[in-house]
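S.K.: From the sequence below, what's the structure:
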Amino acid sequence: MQIQIHPIHFQTDARLEETIQEKVGRLTHYYAKIERADVYLKLDNNDAQVKQKVVEIRLHVPGADLFTSQTSNMFEAALDLSIDQIKKQLIRKKEKQLEH
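M.R.: Residues are numbered from 1 along each chain as shown. Here you go, the predicted structure:
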């Protein structure tokens, strides 16, 4: 699976990119047919002093893409929430395929 990381209007550090590669790469354990993953990292510009971190994951799988977007105070926490959410979607997709 190819994993593309897209930071929007800022630079990421190597440690964050490695964490993303590792955690998103593990999703193939739940569904082997993932073709590509796009991970978007954004800073939510609201009026608060601390900018919220947004992680969006789009998985390109046969049939229809899967998508999730989660927000937290840290990218790592938003990533974990996104991984949990997309993992549930992958499991549901796999179960539906097994039913047919």
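S.K.: For the closest residue to V54 other than its chain neighbours, report the pLDDT, please.
M.R.: Nearest residue to V54, sequence neighbours excluded (Cβ to Cβ, 6 or more residues apart in numbering): K42, at 4.2 Å. C-beta coordinates here come from the backbone N, C-alpha and C atoms, glycine included. What the model reports as pLDDT for K42 is 95.
S.K.: I'd say K42 and K51 touch.
M.R.: No: with contact defined as Cβ atoms under 8 Å, K42 does not count as touching K51 (9.5 Å).
S.K.: Which one's more surrounded, these two?
M.R.: More crowded of K42 and K51, by other Cβ atoms under 10 Å: K42, with 20 against 13.
S.K.: which residues touch the more buried one?
M.R.: K42 is in contact with I8, H9, K53, V54, V55, E56, counting by Cβ atoms under 8 Å, 6 or more residues apart in numbering.
S.K.: Just the buried subset of those residues, please.
M.R.: Among those, those buried by neighbour count (16 or more other Cβ atoms under 10 Å) are K53, V54, V55, E56.
S.K.: In which helix or strand does the last one reside?
M.R.: Mapping E56 onto the secondary structure by DSSP states H and E places it in strand 52-60.
S.K.: Checking P62 next. Helix, strand or coil?
M.R.: Under DSSP: H, G, I helix; E, B strand; the rest coil, P62 falls in the coil class.
S.K.: and the gap between it and E17?
M.R.: Computed as Cβ to Cβ, to the nearest Å, the P62 to E17 distance reads 27 Å.
S.K.: Compare those two (neighbour count), which wins?
M.R.: For P62 and E17, the more surrounded residue by other Cβ under 10 Å is E17, and the numbers stand at 15 against 9.
S.K.: if you skip the residues just before and after it, what's nearest to that one?
M.R.: Leaving aside its sequence neighbours, E17 sits nearest to I5 (Cβ to Cβ, 6+ apart; 5.6 Å).
S.K.: what does the top helix by length along the chain contact?
M.R.: Ordering each helix of the chain by length in residues (DSSP state H) puts helix 75-99 first. Helix 75-99 is contacted by residues 16, 19-20, 23-24, 27, 30-31, 34, 41, 53-57, 59, 61, 63, 66, 68-72 when judged by Cβ under 8 Å, 6+ apart.
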